[in-house]
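S.K.: pasting a predicted model and its sequence here:
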Amino acid sequence: MDFSSTAPLTAWLAPPRPIALLTDFGTADGYAGVLKGVIAQVNPAIPTIDLTHQIPPQDLWAARFVLANSAAAFPLGTVFLAVVDPGVGGERRPIAIAFDRGWLVGPDNGLWSGLLAQFPAESAVVLTQRNFWRLPNPSHTFHGRDIFAAVAAHLANGVPLADLGNPIDPASLVNLPLPGLVSHPAAGANPASLEGVVQHVDHFGNLISTIPAQRVSDRSWRVRIGEQLIPSQLTYSSRSLHDFVALVGSHDWVEVACAGGNAAQRLNLNRGDRILVEFLN
């Protein structure tokens, strides 16, 4: 194997390669386990990693966030299988994508947008080669089982992307772009405030904004939500129990949390609501 600097990064991990799974299936009905069964039918030695099966039902924005903020933690050459698919059986395209960390398999509905903004697609195909599907005539309601899991397994097993279907222009992939930031000017060169929105609410009720860490680095700042002024700190525990705190989280976005509590519930905020950073210097 060529490990030179000119070799594609996806060549660094020989098959069978791991598959990371993300779905909105939950764990009560067996749907997530069935995906692993299909993968094992292709090759039981393929490692599978559950990124999450607890995406809220049909929530493409939550899937977008988790994929965008998780891919860098996986080995080069990982196959990401994501099935959050409200358009299953309709006109949305079943696709596979190559990028410089591995491959993506799932519906073309925008859930890959955040990940591909960091790691652009190198090539993409529409999945038309039915010999790589679980069934040549798949269920209209479970493409995760009958198309995507089988295709992901074949990719993990070393089948070239080009063998799986017809090439498409990566620029044609559905995009879910984050809203832009609004900068409120001050008298000097730096803005007096920066306005974003909540892009994700995590399991703890933390409000993760669209304001990236680099926009607040080396400055003193706080968050204003209505009349509530929330000081910035380094850790969740920097504030007393039940106090609000603003910080840069592990995803490198500005977020608002409640020490020992649920910020989203207490502030009555959700995705899309306004978050204002005020600079103090």
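M.R.: Right, received. Where do you want to start?
S.K.: just the strands in the stretch 151-281 of the chain please.
M.R.: For the stretch 151-281 of the chain, the strands defined by DSSP state E, counting those that start in this stretch occupy 165-168, 182-185, 191-201, 207-212, 221-225, 228-231, 244-248, 253-258, 274-279.
S.K.: please apply the same query to the stretch 1-150 of the chain.
M.R.: Taking DSSP E, counting those that start in this stretch to define them, one finds strands in the stretch 1-150 of the chain at 19-23, 48-52, 78-83, 94-99, 102-107, 121-127.
S.K.: can you redo those strands as TSV with mean neighbour count and mean pLDDT?
M.R.: In this view, the C-beta of every residue, glycine as well, is placed from N, C-alpha and C. Putting these into TSV (neighbours: other CB atoms under 10 Å; pLDDT from 0 to 100) gives the following:
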stretch	mean neighbour count	mean pLDDT
strand 19-23	24	98
strand 48-52	17	98
strand 78-83	27	98
strand 94-99	24	98
strand 102-107	26	98
strand 121-127	19	98
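S.K.: so which of these gets nearest residue 228?
M.R.: Proximity to residue 228, assessed across the strands of the stretch 1-150 of the chain by CB to CB, is greatest for strand 48-52 (30.5 Å).
S.K.: before we move on, the earlier item: any idea which of the strands of the stretch 151-281 of the chain is most buried?
M.R.: strand 253-258 (a mean of 24; mean count of other CB atoms under 10 Å).
S.K.: could you check the angle that strand makes with strand 207-212?
M.R.: Angle of strand 253-258 versus strand 207-212, following axes from the mean of the first three to the mean of the last three CA atoms, to 10 degrees, is 160 degrees.
S.K.: to residue 277, which of the strands of the stretch 1-150 of the chain lies closest?
M.R.: With respect to residue 277, and counting by CB to CB, the nearest of the strands of the stretch 1-150 of the chain is strand 48-52 at 28.6 Å.
S.K.: no further questions, thank you.
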